[in-house]
Each structure stands twice: as structure tokens, then as C-alpha cells.
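[1] Okay, sequence plus prediction incoming.
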Amino acid sequence: MTTRITRLELAARIAVDIPEGSYVNLGIGAPTLVADYLPDDQEIILHTENGLLGMGPTPVTGSVDPDLINAGKQPVTALAGAAYFHHADSFGMMRGGHLDVCVLGAFQVSQSGDLANWSTGAPGAIPAVGGAMDLAIGAKSVYVMTDLLTKAGEPKLVAECTYPLTGVGCVTRVYTDHAVFDVVDGRFRLREAFGDNTPASLAELIGLDIAGPHPSGM
Amino acid sequence: MTTRITRLELAARIAVDIPEGSYVNLGIGAPTLVADYLPDDQEIILHTENGLLGMGPTPVTGSVDPDLINAGKQPVTALAGAAYFHHADSFGMMRGGHLDVCVLGAFQVSQSGDLANWSTGAPGAIPAVGGAMDLAIGAKSVYVMTDLLTKAGEPKLVAECTYPLTGVGCVTRVYTDHAVFDVVDGRFRLREAFGDNTPASLAELIGLDIAGPHPSGM
Amino acid sequence: MIDKTVPDAAAAVAGIADGSTVMIGGFGRAGQPVELIDALIDQGASGLTIVSNNAGNGDIGLARLLALGRVRRVVCSFPRQHDSWVFDALYRSGEIELEVVPQGNLAERIRAAGAGIGAFFTPTGVGTELAAGKETRTIDGREYALEYPIHADVALVSALKGDRWGNLVYRETARNFGPIMATAAATTVVQVDQIVPLGSLDPESVVTPGIFVDRVVAVGARAWLHDGAFVGGVDIEGRPLAEASAEGDGS
Amino acid sequence: MIDKTVPDAAAAVAGIADGSTVMIGGFGRAGQPVELIDALIDQGASGLTIVSNNAGNGDIGLARLLALGRVRRVVCSFPRQHDSWVFDALYRSGEIELEVVPQGNLAERIRAAGAGIGAFFTPTGVGTELAAGKETRTIDGREYALEYPIHADVALVSALKGDRWGNLVYRETARNFGPIMATAAATTVVQVDQIVPLGSLDPESVVTPGIFVDRVVAVGARAWLHDGAFVGGVDIEGRPLAEASAEGDGS
């Protein structure tokens, strides 16, 4: 059994890589945890695609404003310096490459950077994509936050996605509970291995060759 | 010599055809005169494509605001109920068919409704179109305000335009100093003849068959 | 005098024909034209195509319109939610058509309709099953799919304040689809908390100019706003906290 | 702390490279980033492509940049004006390239660049010489021409107020091209009358969110505005009335 960091540790690890001044969209689900680990003494501006830049934390009970929600339809707040805009402007902001970082969940990521996170493709499933495909192409860097393996032990980092795609060649980096990988030239390149994970152990877990870390550590 | 009404009379004649509640863009030059004849007791909302709905009259000297101009770069005012917007929204408003009426000048109008009003096509002329092509397709009704003949006596209502086109098949109606014509089914149809002008005299002046007025007078 | 105000929600939705395409604003509860949807339920039009981000929640509002069999087709980005059982059942039994559109493409297609754009190349969805069969093109090294505008006969929109010319301002993330849907429909019907005198909206801050609006109806202020100031004391659905907890469902 | 403010116009335009594409906001005098243009003149970049509605007036500002031989190409809707003699002479002598674009297509192409649209079908200009050679298509019975986005390296924009995050509000028709140009450039540089504390701009009324802005410089209030209120007493160019009439040119 190799080392795995927790979901919260992973959120904290991702937060470290987001520099001050970044414009960031945190996808619904686990990625929203990253917000809790952004340093209080730095200004990082959160975007929610339903029309707000400068999103603040969850309000206290009694101060919940039904007009002020995030893309997950949860109550949020707005910071000083916030701005509201309509849906076409908001998605233009993403599609136009103005966000620095999106953090998204995944069912699968392929070594060419394809992302599958919107549909299991199960027969009879009702398709519902929301903003997933827009987010997948919606930032200069698209980070995926995911376990390396499914609960059944299947790798989520794959040669080619078998689930329906959300975006093609769109993933920049994958943060998993075992290690962090960049997607470079059609391969996963190890950026950081947690605990006793090694390139060899990781390669065995996912059944793919893994490029070694870049000499500079970058 | 047939009856001709003056430029100001023509502006007043056009104003009569603009119902209360209309959203109207008056092109640079003679069409701006129409504003002076819109009835004071009716609300007709003027658009200027540089980003204002609810444009008011020229300000008095001393109250000229350099930030508040029309498409001709002349000082204007804004009425209660006005709204400002940027250029993409403003031209989307036109292109999307939201204005009821545009009134434009013309070098030539063809019987199929083609408009030429942006370039004489003279060799060496510097091309400059501004918003002319957007205005030509920019309203539910596109009205042209023009003399019937050039100063040299050449008809401006023609079988086919010889000047470079501004828009194809875009003109709804032509208000001239001699008569008013609708553009219907590839012909000029007489709507109203001023003074002693007749279908026959008008046809002779422009050298084209003219369809008679619609029986209903509409 | 231009006066686009109408006395009540029934008058606001009068004349919507069977077979109409109706856009409904809102993202979650925010910006949902609740009173107009209820009026449309009473009004009776059927065979509708609904364009909206979602496909109804619980048993009220849009979900009820669906349950009554009045909707033939839904165009939306996210029909499936924990409480979309009405839509789910209709879809599974083949009683309703669905076109799923990525949310940004949905917004841009609505915007294109309002702005007179014939079609546009978008990178969103390219290479996925939602772009299957669509025309694609590589432009400057990036692949795009061609998407067409979505026009509507009627848009139902919720805003904060409006004047008799139809100028509108919204509140916070309740803005969402309202401003673009208002541009894309032949008839735009708006519910506002309050109709204010002409000239009291700052022309710099008007989000939807009145040219896009045909009818405005005031439906009254919400419990969590007093004189336009946020006072809270409700849950995310706008239910008073005491009442919500009495129902045992504050989510 | 994010602080996009810079101390002066020279710092605002620092680093603009030879050969850059530079968008310049403004329609007539309104919204023209006068101080930034002057700073660009001093900065020295050459071989520029300028994207702007006009091509310079008189002998100052953009006209002076042209006269100095620093501009290779102009993309605009309306170069020819009564006082565009600098451009006119360069154009006639073949020393400058010109792409004339209908104003709405210019605006939409700039907007498309900012919004990640690969190309779009527009009805404007179809069948005219300005659409000659462009791909056309009939969609739903109407003919359209395909237009491509216009991206820039730098946008120079003038707004009324900005904060240190780069949020902007404009004033009246000086808004014009500013908000869309701000979205279409790799680096957006803005001059404002006044830099205000973060949080003092109403988030409902911010027209350009700071995400589109890289540098903000305060250039001071204008003579016709005192504490943000319009006081008049100037001509359309902003010259005090007494001074303008002394010059014998009040137009």
C-alpha cells in the first residue's frame, strides 16, 4: 500500500501552486475545497461562471442571500472589488482565456490531456453537462484534482479515456492523492510524488510509462 | 419644373411616419433634421450607435459635455430613461433588428432596395465606411432621405446602383423631395406624390416604371 | 407616453401561443421568474419549447409546467439534478425531447440571436459527443465547432427594478441569463420587485436597455430585502429560516 | 496585494514592442486615451498596427504617431475626416496600409477576440466591396460573411475611475470601444481620471472587471468635471470656452 494524501491535504497542495493575483475558477465538488487553503494574506480572485468575479466565502446562517450563489448553487459572498456580469460575458471570459487557473474533478484524464468528467456514458443516463466543457477549455492552466485510482482500484489516469470526453487535450496538470503530474508531449510527467510513491510504483499503478520530473523541478 | 419640398419639409414628412414608442437611429447629415420634427408630446427613443439610447437635443453652449456625443461627433444630451452601452452591444442592437427605424442619406437607391451611400468610388478616394453598412441593415425599417435627383439632374433612384454598395436589398422606403416611394417586389411603388408630381412625371424623371400607390393608401 | 408596465403576471404572459419557444431566465433560484412561470402555467399554452439552464426542480414552477404535459422540448445545459424527477421521468418515457448544450455555448447562442450573428465557431465541446455531427474548422491552429443562434418567441426574465421604458437592473448573480435572453426573444416579459419612475435608474448602470423589453410587471419585494437593502434571515430558496427549519429541509 | 496601478503614463506604456498591434479606444474625442497615446509617442515603439475607429485628427495624438512614421498599418472604420490630413497623405503615398472595417464588424471582431470565438457570420457588408473575397453563407434565408477576431498585443483605454484590481467604470458615450478592447489585448493599459479605493465601485455597475486590465494610471480630472460632477464651460474638445473662442476655432 502506497502513501495517499487526504482530499484536504490535496486541496492544500493545489493552493500552494496558485500565485497571488491569479484569477481562478474552482469547479463544483472537491475543487471548491481549495478555496479554504488559499492564504489569507494574498489576493487571489475567484470566478464563478454564473456571473461573479471576487467571490468570497460561505456566508453565516442568517446572512444567506438567495441572489448570491456559486455555480454549485451554494450561497457565497462577494468581496470588496467584486464585479457582476451576465452569462455570455462570464463564459466569454473563460473561453477567451482570461482566467489563469481552473481546477476540475475528473473521471479520467488521458496522457494527451483529454478530460472526461461530465458523463459516465451509462445507458439511460440523462446527459447534463452544465459548464463542464467550458471550464475544461476555460483557463490558461487547467488543473485536475482527483484520486489516482477509482474505489475499485482502476486508474483514472489512462492512455485514452473510455468515458465520454469533456475536452480534448485541455488538461495542464493532474493533482492526485499519490502524486502530481504535468501533461507534456502526450505523457504524464511526474512533478511530485507524495510519501513513498516512486516513478516506478506510480507507473505500475496506472499501467503507463511516466516521464521523470523535469531536472529543474519545475 | 415639378414641385419640390424643402429639406426641412421632408424631415417633417418623415417624422409623421414614426409612431410613438419607436426606437430610431437618425444617420449623420440630413436625417438628423428629423429629430426636430418629432412631436414633443410623444416619446420616440433615439439611438446613437456610439452607445446611447434616449438621446436628447443639442445642449446649450456652456453645457457641452465632451463625453456625450452622437455618431456625428456632435454634442448631445441624454433624456431621463437613457442607457449607455459599449460598441459591441450597440451594434448588436442594430444588427439584431431591435431598432424600428433607421433614416439614412443616399447617393443612390436601386429598385431592388440596394443602397449606395458610403463611397463615390472615385479613383484615389480614401475608403471610410464608419457605421453606414451596419445602419443599412440595422433596423426593421430602413428609410432613405434624399433628393430625387442630383444637382446635375441625374436620378438617384435607379435600376441598379453604379456607386459602391452599402447594403443589398436593405431599403424599405425612400423619402424624396418629389415623392415617397416604397421598395416592393423589385420596384419603386409610389406612396405619396408631393404637389403636382404624378406617377407619370416621376417615372419620366427617374426613367423607371413606378408601381401605383397601394389601393388602401398604406 | 411609452408605458410597458402591465398590471399583473397574467397580463404579462397573455397571448403566448401553443408551440412557442420560451426562454426562462435564472440559474438555480437566482433570477428565476417564479411569478411569470406560474402565470404561464395558468395561461395554458402547450407544445412549448423551453430554453433554460435547468429543466425544473421539485414539483413547482418549470417542473409543474412539464408535469402538466405542456412542454414538448427542452434546450438546456443541466437537466439532471437531485430534484429533477419530473423531467427525468418524462425524458425516460420519451415524452419530452432534450437538447443538451454546454452552458457557455447556450449563453453565446442566445447572445448571437440577439446580436444578429448568423453562426459562430466555438472551441467549447469540440471533440465531444455534444459536438458530434457539427461542422468543425481549424482556425489559427485551434479546432472549433459551428454553433447557431437560439431565438425565442418569448423570454421570461426576472430583474430587480425596471422603469416604464423597460430599462432594467438586476441583483448580484441573479443577473445570469436575463440580459441575453431579453435580447433574443420577439417578446420579452420581465418581472421586477419594483417599478421605479423613469429617470431613477442610473443610465451608466442600466444592464438591459428598454429596447429589449416589451412588458414589465411588478411582483413585489422579497422577504430578505427591505427597501432594497439585504436583511437576510432566509435560506438559499428565500424561505424564512424559522419556517424552513420547521419544514425540516433547509437545503 | 494586487496593485495594477502604475505611477505615470510612461510606466503604463513601458515595454510595448516594435511591430505590436495596439488597440486605441475612443470615438471622436470621447474615450480617447490622450495621455497614453502621448506616452506611446515618447516611448518609441515603431512598425505598429493600430486598431481604432479613426485614423487620427489634426497633428496631435494618433495623427502625430502616424506623422512620426511609427505606424505600418491601420485597421479602422472611418479614417477620412476633415482633419485627417496626416493619414490621408501617408495613405496616398503608399506609406501606410489600411484595412477598412464596418464599425459594427470592427466592434464584433474585437469582442470575438476577447470571448474566444474563432470566427462569426455577420450580415453587415455582405454584397459590398468590403466583403469581397470573404466566405459567405446563407443561413435561414439571410446572407452572411465570415469575419475573424482581431487580437491585439496592447490596448490603450480611457475610463473614468478604476481601482487597484483594475475594475473600471466609464462616463457616457466615452465608453464606446473601451470595454471590448480591454478584453482583446494581451496587455490592457488604462488611464483613468481617478483611482478609487477597492470596494468603492459598485459591483453591479463595474463595466470592465479587473480581469481584463493589466495597468491603471491616473491622469487627473478634466476641466469640465469637478468632483465627478459635470460643470460644463468647455467646447466639444474639452477646451475652456474663453480659450477656444480666443483661438477662433470653437468647432
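    Yep, that arrived. Numbers count the residues shown, from 1 in each chain, chains lettered A, B, ... in the order given.

[2] Quickly find the element holding residue C:49.
    Remark: residue C:49 resides in strand C:48-51, with elements defined by DSSP states H and E.

[3] Ok, residue C:193 next?
    strand C:185-195.

[4] Next, the buried residues of that strand.
    Of the residues in strand C:185-195, those buried under the neighbour-count criterion (16 or more other CB atoms under 10 Å in any protein chain shown) are C:185, C:187-193, C:195. Any C-beta I mention is one placed from the backbone N, CA and C, and that applies to glycine too.

[5] Partner strands of it and their direction?
    As defined by DSSP bridges, the strand partners of strand C:185-195 come to strand C:152-162 (parallel), strand C:215-218 (parallel).

[6] tell me how far the longest one is from the chain's mean position?
    Taking CA atoms, centre = their mean, to the nearest Å, one finds strand C:152-162 lying 7 Å from the centre of the chain it belongs to.

[7] next structured bit after that strand?
    Next along the chain from strand C:152-162, counting by DSSP H and E, comes strand C:168-169.

[8] hmm, that following strand in reach of chain A?
    No - looking at strand C:168-169 against chain A by CB under 8 Å from any CB of the partner chain, there are no contacts, and the closest approach is 10.5 Å.

[9] and that strand, what does it pack onto?
    strand C:152-162, helix C:178-184 (3 or more CB pairs under 8 Å, 6 or more residues apart in numbering or on different chains; DSSP states H and E).

[10] Mean neighbour count added to the ones you listed, as TSV?
    Shown next, in TSV, are the helices and strands packed on strand C:168-169 (neighbours: other CB atoms under 10 Å in any protein chain shown):
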stretch	mean neighbour count
strand C:152-162	27
helix C:178-184	29
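
[11] want to try TSV for the strands paired with strand C:185-195, with mean pLDDT as columns?
    Listed next are the strands paired with strand C:185-195 as TSV, based on pLDDT from 0 to 100:
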stretch	mean pLDDT
strand C:152-162	98
strand C:215-218	98
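
[12] Just send the ones you listed back as CSV, with distance to residue A:200 too.
    Shown next, in CSV, are the strands paired with strand C:185-195 (distance: least, CB to CB, whole Å):
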stretch, distance to residue A:200
strand C:152-162, 58
strand C:215-218, 68
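
[13] gap between the nearest residue to residue C:184 once chain neighbours are set aside and residue B:110?
    Distances taken as CB to CB, 6 or more residues apart in numbering or on different chains place residue C:113 nearest to residue C:184, at 3.9 Å, with adjacent residues excluded. Distance of residue C:113 to residue B:110, computed by CB to CB, to the nearest Å: 30 Å.

[14] for chain C, what are the low-confidence residue spans?
    For chain C, applying pLDDT under 70 flags the ranges C:243-251.

[15] Name the residues of it found near chain B, please.
    Proximity of chain C to chain B is confined to C:1-2, C:111, C:113-117, C:163, C:165, C:167, C:183, C:198-199, C:201, C:203-204, C:206, C:209-212 under the rule CB under 8 Å from any CB.

[16] mind listing which of those are in helices?
    Those of the residues of chain C next to chain B mapping onto helices are C:111, C:113-115, C:183, per DSSP state H.

[17] ok, of the residues you listed, which one's closest to chain B?
    Checking these against chain B with CB to the nearest CB, the nearest one is residue C:115 at 3.2 Å.

[18] is it true that that closest one touches residue C:179?
    No - applying CB atoms under 8 Å as the test, residue C:115 and residue C:179 come out as separate, 11.9 Å apart.

[19] which residues in chain C form strands?
    C:21-24, C:48-51, C:71-76, C:97-100, C:119-122, C:136-139, C:142-147, C:152-162, C:168-169, C:185-195, C:215-218, C:225-226, C:229-230 (DSSP state E).

[20] Then chain A?
    Under the criterion DSSP E, chain A contains strands at A:23-26, A:45-48, A:52-56, A:77-84, A:101-104, A:108-110, A:115-116, A:141-146, A:157-158, A:173-176, A:179-184, A:187-193.

[21] Out of those, which is closest to residue B:145?
    strand A:77-84 (41.8 Å; CB to CB).

[22] Looking at the ones in helices among the residues of chain C next to chain B, spot the one nearest chain A.
    Proximity of those to chain A was ranked by CB to the nearest CB; the top entry is residue C:111 with 4.0 Å.

[23] Now do the same contact list for the residue lying closest to residue C:204 once chain neighbours are set aside.
    Beyond its immediate neighbours in the sequence, the residue positioned closest to residue C:204 (CB to CB, 6+ apart) is residue B:84, lying 5.7 Å away. Contacts for residue B:84 (CB atoms under 8 Å, 6 or more residues apart in numbering or on different chains) come out as B:51-52, B:78, C:203-204, C:206, D:170, D:172-173, D:175.

[24] 6 Å instead?
    B:51-52, C:203-204, D:172, D:175 (CB atoms under 6 Å, 6 or more residues apart in numbering or on different chains).

[25] now do residue C:75
    With contact taken as CB under 6 Å, 6+ apart, residue C:75 is in contact with C:51, C:99.

[26] Residue of chain A nearest chain C, please.
    residue A:91 (3.1 Å).

[27] wait, that residue sits on residue A:134?
    Yes - taking CB atoms under 6 Å as the definition, residue A:91 is a contact partner of residue A:134 at 5.4 Å.

[28] Quickly list what's touching both of these two.
    With the criterion set as CB under 6 Å, 6+ apart, the overlap between the contacts of residue A:91 and residue A:134 is residue C:104.

[29] who's more crowded, the two?
    residue A:134 (32 against 29; other CB atoms under 10 Å in any protein chain shown).

[30] Helices of chain A, start to end?
    According to DSSP H, chain A carries its helices in the segments A:7-16, A:87-95, A:132-136, A:199-206.

[31] residue contacts, the nearest residue to residue C:88 once chain neighbours are set aside?
    By the measure of CB to CB, 6+ apart, the closest residue to residue C:88 outside its immediate chain neighbours is residue A:126, 6.1 Å from it. By CB under 6 Å, 6+ apart, the contact list for residue A:126 reads C:79-80, C:91.

[32] Okay, the residue nearest to residue C:26 when sequence neighbours are not counted and residue C:38: tell me how far apart.
    The shortest distance from residue C:26 to any residue other than its chain neighbours is 3.3 Å, reached at residue C:32 (CB to CB, 6+ apart). Here the criterion is CB to CB. By it, residue C:32 lies 11 Å from residue C:38.

[33] Residue A:193 now?
    Going from residue A:193 to residue C:38 by CB to CB gives 57 Å.

[34] What is the neighbour count of residue A:6?
    A count of nearby residues for residue A:6, using other CB under 10 Å, gives 9.

[35] That one and residue A:154: what is the separation?
    Spatial separation of residue A:6 from residue A:154 under the definition CB to CB is 20 Å.

[36] What parts of the stretch 151-251 of chain C come near chain D?
    Residues of the stretch 151-251 of chain C found near chain D (CB under 6 Å from any CB of the partner chain) are residue C:205.

[37] I meant chain A, not that one.
    When proximity is defined by CB under 6 Å from any CB, chain A lies next to chain D at A:21, A:23, A:43, A:53, A:78, A:80-84, A:92, A:95-96, A:98.

[38] And those, which is closest to residue C:44?
    residue A:84 (35.6 Å).

[39] Is that closest one bridged to anything, and to what?
    residue A:52.
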